[in-house]
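1. turn this into a structure:
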Amino acid sequence: MLIFSTTVFLSAFLLFQIQPIVAKMILPWFGGSSSVWSVCMVFFQAELLLGYAYVHWLHEKLSPHKQVLVHVSLLALSLLMLPVAADPAWKGDALTDPSWAVFVVLTIAVGAPYLMLSTTGPLMQAWYALAFTKPGTEIKPYRLYALSNLASMLALLSYPVVIEPFFAVQHQANMWSLGYAAFTLGALLTGIVVWKSHAKPQEHKQVETSTAARPSLTECLLWIGLAATASILLLTLTHQLTNDVAPVPFLWVLPLSIYLLSFILCFDAPRYYVRSAFLIALPIALLTVDYVLSHGQGIPAMVTLLSLSLFVFCMVCHGELVRRKPPVRHLTLFYLMLSVGGALGGTFVGLIAPTIFNAYFELPIGLFLCAALVTIVIWKESSKALRIAIAIALVLYSARLIYLSLEYVNGYRVVMRNFYSQLRVEDVPTVHGVKRVMRHGNIIHGEQYLDENLRRKPTAYYCPQSGIGLALNSLSTAQSQKIGIVGLGVGTLATYGRAGNEMRMYEINDQVVDVARTEFTYLSDSPATMVSVLGDGRLMLEREPKQDFDLLAMDAFSGDSIPTHLLTLEAMKIYLGHMKSDGILAVHITNQYLDLQPVMAAIAQHYGKIALLYSLPKNPPEPFCRHTTWVLLMSPERAANLPKELQGGMKLTPRPGFKPWTDGFSNLVDILK
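-> Numbers count the residues shown, from 1 in each chain. Prediction:
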């Protein structure tokens, strides 16, 4: 039992430890979008499905001896893929929709080892049953599944605390590769145990010829539906968190750990799923998510409420699954159906929804499926009066979800969505006339007044009183200027362009470019020469020759999410390499959840620069401005001779003990407001 338990534990730990490692490794290559993690999850779930299908085939078609021979041979071949490493040649490929590029990178980097790890849980349970079950004995291989989920959760929780802060990403991958080699040794030992235990096959004839009734198609579909619903809600709520805060491992790990915790509690012992309590908690959780979506919350409250709701959803889905688990004879079929459901849910959220929907409808769909499936599950055992009440409640809740979904799109001129974001454009009446606004989520990413006398006026975060407005107006008019802008928005900064100037605008999302050109006129109205570069700003600048910018503005936020890969020491080295010696690097750090001042102060100290903070209050006196915070980085010489426009900046000083962000390290907990 020790050999089986150790192998299962190690495999599950490695299975989930590699997920944040490889996702963090490739995140900067595909725009730093929260969708990168969603696509990674689809890949991992697809691999899990392949692994479970392979185990089911082994279990149904091959004798124990042949199972051992086939599996050990494949494990030996998978060692040839070590050490795991993502190929940098794929950086920024397939910009319009990098989903398949992410799939290819992951397949090359971890495909074979991850596939073999994914087989371990159900295979070890099946082998354990083959090796130790004798007539008249009772075994509990499902508890090995609970053990594997415990290991998975420990792997996830340990990553942002023990692994990520202390080791570079490639070092993490190398250590993982050593762990995988140790796992293959453990799997070999379990194979030897099974081989020896079947030296006399007749001793276990009862197990191999079990005639337990095969689960019906309806039951299999219910397994798939419950597993798919939990998967959809996991990914959609994770997207909600990472899109509003930041696509970082901590916010990947927390929801997935909750998801796994529900597996542990439900599979370890049925008593942990107190059915009546969780069925009462379910409508409360559904309404809680509704409240958060409708009213918004600060980071601690939002994370707490969505996490608790996700826990309830997963406990109900997985608790009902465990109540319906089949006899051991059909164990591999059960796990195959669970993996089919997980893969379907992940594929729907990660690949299908961004293609067929123009808004984030998958969360209301997931909430409806959860409510509907629970209704189906408890229908037969409910009284007539209770059935009527449940049916009415489901109809009312469905109507509420439809209303929320329509709110995503009604009243907008344009609603569109792709891998990177959802964009909405609306016309809003004001005392100064109608203004056109572009939103990502609930965050405004630019606005323009339609009145002929106001349409060339810079507004919002880019008004003349903002940090970037002051910086651009401080540039010399005696000679032409070259200005770089990472993050186009609606093109507001083009209003500062003068004849003879070149403004080079980097934008990763082609839909943003289309909206800026068709719905707004800032770009066409500007007398400056406009050069558009489609692609991730950091990657494009890394590939380009030195641009000699007089000013480079970094403004590539997605919703309220922090583009961590654009604020690292490695990224700043690229930007500063494109600046003139007396150039200004302007970084937009406005955020309602996080205080990025320590990040910028640490970067300035590292590169010997001065960081000056320019902030407008939440209710600025200027009617065309919005609350905004910009940091200007410049040489000490430039800071010592500031023009009058920039003399109101506050010098940032490094926070003692604060560690600068790098591509391998970023810590959001340290900068929570």
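
2. domain assignment for this structure?
-> Taking automatic domain parsing as the criterion, the chain consists of the domains 1-209, 210-410, 464-671.

3. need these in CSV with distance to residue 439 and mean neighbour count, can you?
-> From N, CA and C alone the C-beta is placed, and that goes for glycine too. Shown next, in CSV, are the domains of the chain (distance: least, C-beta to C-beta, whole Å; neighbours: other C-beta atoms under 10 Å):
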stretch, distance to residue 439, mean neighbour count
domain 1-209, 17, 19
domain 210-410, 11, 19
domain 464-671, 9, 19
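
4. switch the ones you listed over to a markdown table; also include mean pLDDT.
-> Converted to a markdown table, the domains of the chain look like this (pLDDT from 0 to 100):
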| stretch | mean pLDDT |
| --- | --- |
| domain 1-209 | 77 |
| domain 210-410 | 85 |
| domain 464-671 | 89 |
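
5. now render the ones you listed as CSV, adding distance to residue 436.
-> CSV is the format used below for the domains of the chain (distance: least, C-beta to C-beta, whole Å):
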stretch, distance to residue 436
domain 1-209, 25
domain 210-410, 17
domain 464-671, 6
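
6. closest one to residue 432 among the ones you listed?
-> In terms of C-beta to C-beta, the element of the domains of the chain nearest to residue 432 is domain 464-671, at 7.0 Å.

7. first vs last residue of the closest one, how far apart are they?
-> With C-alpha to C-alpha, to the nearest Å as the measure, the first residue of domain 464-671 is 28 Å from its last.

8. spatially nearest residue to residue 118 (excluding sequence neighbours)?
-> residue 51 (3.1 Å; C-beta to C-beta, 6 or more residues apart in numbering).

9. which residues are in contact with the one you found?
-> Contacts here follow C-beta atoms under 8 Å, 6 or more residues apart in numbering; on that basis residue 51 touches 115, 116, 117, 118, 119, 339.

10. host element of it?
-> According to DSSP states H and E, residue 51 maps onto helix 35-61.

11. same deal with residue 315?
-> helix 299-323.

12. elements contacting the helix or strand just after that helix?
-> Next in sequence after helix 299-323, counting helices and strands by DSSP H and E, comes helix 331-347. With contacts defined as 3 or more C-beta pairs under 8 Å, 6 or more residues apart in numbering; DSSP states H and E, helix 331-347 has these neighbours: helix 35-61, helix 99-132, helix 217-244.

13. ok, 10 Å please
-> Packing partners of helix 331-347 (3 or more C-beta pairs under 10 Å, 6 or more residues apart in numbering; DSSP states H and E): helix 35-61, helix 99-132, helix 142-158, helix 217-244, helix 299-323, helix 362-379.

14. JSON lines for the ones you listed, including distance to residue 580?
-> Shown next, in JSON lines, are the helices and strands packed on helix 331-347 (distance: least, C-beta to C-beta, whole Å):
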{"stretch": "helix 35-61", "distance to residue 580": "33"}
{"stretch": "helix 99-132", "distance to residue 580": "35"}
{"stretch": "helix 142-158", "distance to residue 580": "45"}
{"stretch": "helix 217-244", "distance to residue 580": "36"}
{"stretch": "helix 299-323", "distance to residue 580": "38"}
{"stretch": "helix 362-379", "distance to residue 580": "46"}
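
15. closest one to residue 182 among those helices?
-> Across the helices and strands packed on helix 331-347, closest to residue 182 is helix 99-132 (C-beta to C-beta), at 12.2 Å.

16. the closest one: how far from the chain's middle?
-> 22 Å (C-alpha atoms, centre = their mean, to the nearest Å).

17. what's the answer for stretch 360-377, then?
-> 21 Å.

18. quick one on the thing from earlier: gap between the residue nearest to residue 118 and residue 57?
-> Distance, residue 51 to residue 57, using C-beta to C-beta, to the nearest Å: 11 Å.

19. residue 513 reaches residue 520, doesn't it?
-> No. Using C-beta atoms under 10 Å, residue 513 makes no contact with residue 520, being 11.1 Å away.

20. between those two, what contacts are shared?
-> residue 491 (C-beta atoms under 10 Å, 6 or more residues apart in numbering).

21. helix or strand right after the helix or strand where residue 470 lies?
-> Following DSSP H and E, the helix or strand that holds residue 470 is helix 467-474. Scanning forward in sequence from helix 467-474 by DSSP H and E, the next helix or strand is strand 482-486.

22. direction included, what does that following strand pair up with?
-> strand 502-507 (parallel), strand 549-554 (parallel) (DSSP bridges).

23. what angle separates that strand from helix 467-474?
-> Going by axes from the mean of the first three to the mean of the last three C-alpha atoms, to 10 degrees, strand 482-486 is angled at 170 degrees with respect to helix 467-474.

24. how far away is residue 657 from residue 46?
-> For residue 657 relative to residue 46 (C-beta to C-beta), the value is 42 Å.

25. got it, and residue 653?
-> Taken as C-beta to C-beta, the span from residue 653 to residue 46 is 49 Å.

26. try residue 468
-> 43 Å.

27. try residue 257
-> On the measure of C-beta to C-beta, residue 257 and residue 46 end up 21 Å apart.

28. could you do residue 292 as well?
-> Counting by C-beta to C-beta, the gap from residue 292 to residue 46 is 30 Å.

29. ok, back up a step: of the helices and strands packed on helix 331-347, which is nearest residue 451?
-> Closest among those, using C-beta to C-beta: helix 217-244, at 32.8 Å.

30. follow-up on the earlier one: could you say which one of the helices and strands packed on helix 331-347 comes nearest to residue 460?
-> Short answer: helix 217-244, nearest of the helices and strands packed on helix 331-347 by C-beta to C-beta, at 19.3 Å.

31. quick one: that closest one to helix 299-323, angle?
-> 170 degrees.

32. quick check, residue 253 in a helix?
-> Yes. Using DSSP: H, G, I helix; E, B strand; the rest coil, the secondary structure at residue 253 is a helix.

33. so it touches residue 156, yeah?
-> Yes. The criterion here is C-beta under 10 Å, and residue 253 meets it with residue 156 at 4.4 Å.

34. joint contacts of the two?
-> Joint contacts of residue 253 and residue 156 (C-beta under 10 Å, 6+ apart) are 16, 19, 20.

35. out of those, list just those in helices.
-> Judged by DSSP state H, helices contain the following of the shared contacts of residue 253 and residue 156: 16, 19, 20.

36. for the closest residue to residue 613 other than its chain neighbours, give its distance to residue 608.
-> Nearest in space to residue 613, with sequence neighbours left out and distances taken as C-beta to C-beta, 6+ apart, is residue 650 at 4.5 Å. Applying C-beta to C-beta, the value for residue 650 to residue 608 is 19 Å.

37. how about residue 621?
-> To residue 608, residue 621 is 36 Å away according to C-beta to C-beta.

38. what of residue 214?
-> With C-beta to C-beta as the criterion, residue 214 and residue 608 are 71 Å apart.

39. do the same with residue 509
-> According to C-beta to C-beta, residue 509 stands 34 Å off from residue 608.

40. and residue 645, by the same measure?
-> With distances taken as C-beta to C-beta, residue 645 is found 24 Å from residue 608.

41. same check, this time on residue 444
-> On the measure of C-beta to C-beta, residue 444 and residue 608 end up 35 Å apart.

42. check which helix or strand covers residue 188.
-> helix 169-197.

43. circling back: what's the residue nearest to residue 613 sitting at in phi/psi?
-> Here is the backbone geometry of residue 650 (degrees, to the nearest 10): phi -100, psi 130.
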